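Visitor: Let me see the structure of the following:
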Amino acid sequence: MALHTWWLFAATVFIVSGTPGPNMLHVMARSVELGLLRSMAAMAGCFCAVLTLLSASALGLTALLLAIPGAFAALRFAGAAYLIYLGYRAWTAGEEPLDIGEDRLAADRAPLRVFRTAFAVGMSNPKALLFAAAFLPQFVDAASPKGPQFAVMVATFGVIEISWFFVYALAGRRIAGWLEQPAPRRLFNRVTGGAFVVFGLAMAGAR
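Guide: All right, here's what the predicted structure looks like:
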């Protein structure tokens with residue numbers, strides 16, 4: 001991959017990754033709820049999901065899904081339903097002040113559980129497969145071996161994505177103190193829950 005092509009790819013990914021979406025919103029919400037250190041499990045889950053989708057697209061699994069009648073639509077609706085479910089959970093969450101300093105995590109806040117939930121959020125948008133399938137090949141030099149080029153692009157995407165995770169997580173920590181009061185906490189739950197529902201409905205209605 002030529003250097004100028006890589007710079008163009010990196011700049012485009014920087015803008016795309018920084019745009020608020022389910023992954024970034026989930027990481028920020030987890031940072032508010034659990035703190036920066038504990039939210040790293042959520043970052044890891046979303047990060048692994050991104051790498052999985054990009055790798056699957058590079059391996060040609062997108063074409064396989066599209067070749068099976070109804071398979072991609074089923075995945076899309078399942079992902080949309082999961083995002084709407086997360087929105088409902090956030091919308092109906094309690095309004096109690098945040099307990100940032102607790103020493104023992106509840107079962108649903110255990111690192112492995114946090115990781116699994118974040119991974120499911122990241123994997124809930126199968127349209128990312130289509131995005132990767134349409135986006136990555138535009139930067140591939142057909143005259144050069146494709147494997148190393150895809151590896152560089154996936155690694156670049158991953159580094160930029162995890163960097164944005166930290167930005168959103170830090171933003172979550174900045175507002176955590178404000179959210180210790182019930183009214184702001186309720187507003188935050190409504191906003192994040194509503195956003196997840198919007199993401200889910202948009203995915204369900206997309207073609």
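
Visitor: Mind checking the pLDDT average for stretch 195-207?
Guide: Stretch 195-207 shows a mean pLDDT of 73 in the predicted model.

Visitor: now stretch 83-94
Guide: 76.

Visitor: longest single helix anywhere in this structure?
Guide: helix 146-176 (DSSP state H).

Visitor: so after it, what's the next helix or strand?
Guide: helix 182-205 (DSSP states H and E).

Visitor: Can you name every helix or strand that that next one contacts?
Guide: Packing partners of helix 182-205 (3 or more Cβ pairs under 8 Å, 6 or more residues apart in numbering; DSSP states H and E): helix 22-34, helix 71-91. Yep, even glycine has a C-beta here, placed from its N, CA and C like the rest.

Visitor: circling back: buried residues of the longest helix of the chain, list them for me.
Guide: For helix 146-176, burial by neighbour count (16 or more other Cβ atoms under 10 Å) applies to 149-150, 153-154, 156-158, 160-162, 164-165, 168-169, 172, 176.

Visitor: The residues you listed: which two are farthest apart?
Guide: Taking Cβ to Cβ, the two most distant members of those are 149 and 176; they sit 41.1 Å apart.

Visitor: Next up, the contacts around residue 45.
Guide: Shown in contact with residue 45 (Cβ atoms under 8 Å, 6 or more residues apart in numbering): 114, 115, 116, 117, 118, 119, 120, 121, 122.

Visitor: Could you figure out how far the host helix or strand of the first one is turned away from helix 22-34?
Guide: Following DSSP H and E, the helix or strand that holds residue 114 is helix 111-123. For helix 111-123 and helix 22-34, the angle between their directions (axes from the mean of the first three to the mean of the last three Cα atoms, to 10 degrees) works out to 160 degrees.

Visitor: Now do helix 111-123: which elements does it pack against?
Guide: Looks like helix 111-123 contacts helix 22-34, helix 40-58, helix 71-91 (3+ Cβ pairs under 8 Å, 6+ apart).
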